[in-house]
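Student: Output the structure for:
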Amino acid sequence: MKNLFVLIFTLLVSTIQYAQVGVGPIEMVKLKSGKFSKKDLTQLKSTKTVFVYRDSDDVEVLKKAIQEVWDFTEISFVPFSELKNIDPYTNSVFSIAGVNTNTSFVKESTGATSLNYDNTHIYLNLWMMQENPKKKKSIKKSYCRIELHPTYTDYSMVTGSRSKDALTYIYEEGTLKNWKVGFLKNYLKQVNDHLTKEEERWLFKSDKKNPKLRKIKNKTLYIPDYALVKFNKFTGDESQRLDPKKLLKNYPHKTKIISADELNEMILDPTKNINYMVYVKSSTDKYIYIFNSKTGDILYSKYKGTSYNLKTKDFKDLAKAIK
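Tutor: Presented below is the predicted three-dimensional model:
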């Protein structure tokens, strides 16, 4: 098989990078989501999708949950050790991917670079390979990108690593805060529904005007406790915690902070109908999503660049959106 998996982690030059749930043909962030071609969607539909799971996953629970929401293609599940054996020309693949980005700011007056730094973004990607006879080489076709939330330790371990080493580390040892079966189930439901409707979901999209959001006013909003981690952007320290009273002082509705594992169980419980927050810190970017566990609907989404922690204003904005 051709050496395809060097595509997983690569170094790019970029001005800005952000997303949590994106459905579209552009894997790397652009100013628009792009439009699917009928040909590419037809090709994707004809494939069997392979979901590459992590060693720590409860495979039977994962299969059951995803099979409940995914019907765009036939889907199967394999461990990371089998990734190299997948033929990506006849199969589409859900696998973890990542990119190291370099961001530069240039002073207009002098033309000199005033700021330059690297970021690493890790995400779940739906992709496949396609022959390109005109250019005599294969191209990667991407269909979705779902941002993941590693720890600072994970970032430090993979930044600058070889592609193979970085991917192995993330699959076998990485701590991805939003890699829970319940979270994945509703992420993939969003992808499935958008692909079925042949609709894109812009990577930049924020939605604060969903009429369904008003329904959560009298219901408890469940928040995973990892969202209270206070990240120090200068040292990378994640040992401190945000004060929930200060954080929620401008949010007048009911909330409950629970572990991500407890929240996962509630999402997967068919007798429950809860609204929950998914907070993602992707390198220097922050994303806040409100999901309904029963429907898988995204009720609210907000992006903030160059922001590392939840803030009082985030909940104040959410409260305003609920009114």
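Student: Quick check: beta-bridge partners of the spatially most central residue of the chain?
Tutor: What sits nearest the mean C-alpha location of the chain, by CA atoms, centre = their mean, is residue 147, with 2.1 Å. The partner list for residue 147 in beta bridges (DSSP bridges) reads residue 123.
Student: Retrieve the pLDDT associated with it.
Tutor: Looking at residue 147, its pLDDT is 92.
Student: likewise the one 3 residues further on?
Tutor: The predicted structure scores residue 150 at 94 on the pLDDT scale.
Student: again, but for residue 111
Tutor: Residue 111 is assigned a pLDDT of 62 by the prediction.
Student: what do you get for residue 305?
Tutor: pLDDT for residue 305: 77.
Student: surely it meets residue 285?
Tutor: Yes: using CB atoms under 8 Å, residue 305 is in contact with residue 285, at 5.4 Å. All C-beta spots, glycine's among them, are computed from the backbone N, C-alpha and C.
Student: which one of those two has more residues nearby?
Tutor: The residue with more neighbours, out of residue 305 and residue 285, is residue 285; 22 against 10, by other CB atoms under 10 Å.
Student: so that one touches residue 309, yeah?
Tutor: No: in this structure residue 285 lies outside contact range of residue 309 using CB under 8 Å: 12.0 Å.
Student: re the thing from before, and the gap between the residue nearest to the centre of the chain and residue 183?
Tutor: Noted for residue 147: a distance of 12 Å to residue 183, by CB to CB, to the nearest Å.
Student: the bottom helix or strand of this protein by mean pLDDT?
Tutor: strand 9-13 (a mean of 32; mean pLDDT, DSSP states H and E).
Student: next SSE after the particular helix or strand that has residue 156 in it?
Tutor: Counting by DSSP states H and E, the element that carries residue 156 is helix 152-158. As assigned by DSSP H and E, the chain's next helix or strand after helix 152-158 is helix 163-172.
Student: circling back to that earlier point, the residue nearest to the centre of the chain contacts residue 287, correct?
Tutor: Yes: the criterion here is CB under 8 Å, and residue 147 meets it with residue 287 at 6.5 Å.
Student: So the residue nearest to the centre of the chain versus residue 96, what's the distance?
Tutor: Distance, residue 147 to residue 96, by CB to CB: 11 Å.
Student: Now do the shared contacts for those two.
Tutor: 122, 123 (CB atoms under 8 Å, 6 or more residues apart in numbering).
Student: Extract the C-alpha trace of the helix ranked longest in the chain and format it as CSV.
Tutor: In the chain, with assignment by DSSP state H, the single longest helix is helix 181-196. The C-alpha trace of helix 181-196 is given here as CSV (Å, rounded to 0.1, in the frame of the first residue of the first chain):
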residue,chain,number,x,y,z
VAL,A,181,-18.9,7.5,23.6
GLY,A,182,-21.9,9.8,24.3
PHE,A,183,-20.1,12.8,23.0
LEU,A,184,-18.9,10.9,19.9
LYS,A,185,-22.4,9.6,19.3
ASN,A,186,-23.9,13.1,18.9
TYR,A,187,-20.9,14.4,17.0
LEU,A,188,-21.4,11.7,14.5
LYS,A,189,-25.1,12.2,14.4
GLN,A,190,-24.4,15.8,13.3
VAL,A,191,-22.1,14.6,10.5
ASN,A,192,-24.5,11.9,9.4
ASP,A,193,-27.4,14.3,9.2
HIS,A,194,-25.5,16.9,7.3
LEU,A,195,-24.1,14.4,4.8
THR,A,196,-27.6,12.9,4.3
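Student: for the helix or strand encompassing residue 264, packing partners?
Tutor: Residue 264 is located in helix 260-268, with elements delineated by DSSP H and E. The contact analysis (3 or more CB pairs under 8 Å, 6 or more residues apart in numbering; DSSP states H and E) places helix 260-268 against helix 181-196, strand 221-224, strand 275-282.
Student: Export these to TSV and append columns for distance to residue 266.
Tutor: TSV is the format used below for the helices and strands packed on helix 260-268 (distance: least, CB to CB, whole Å):
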stretch	distance to residue 266
helix 181-196	8
strand 221-224	7
strand 275-282	8
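Student: Okay then, goodbye and thanks.
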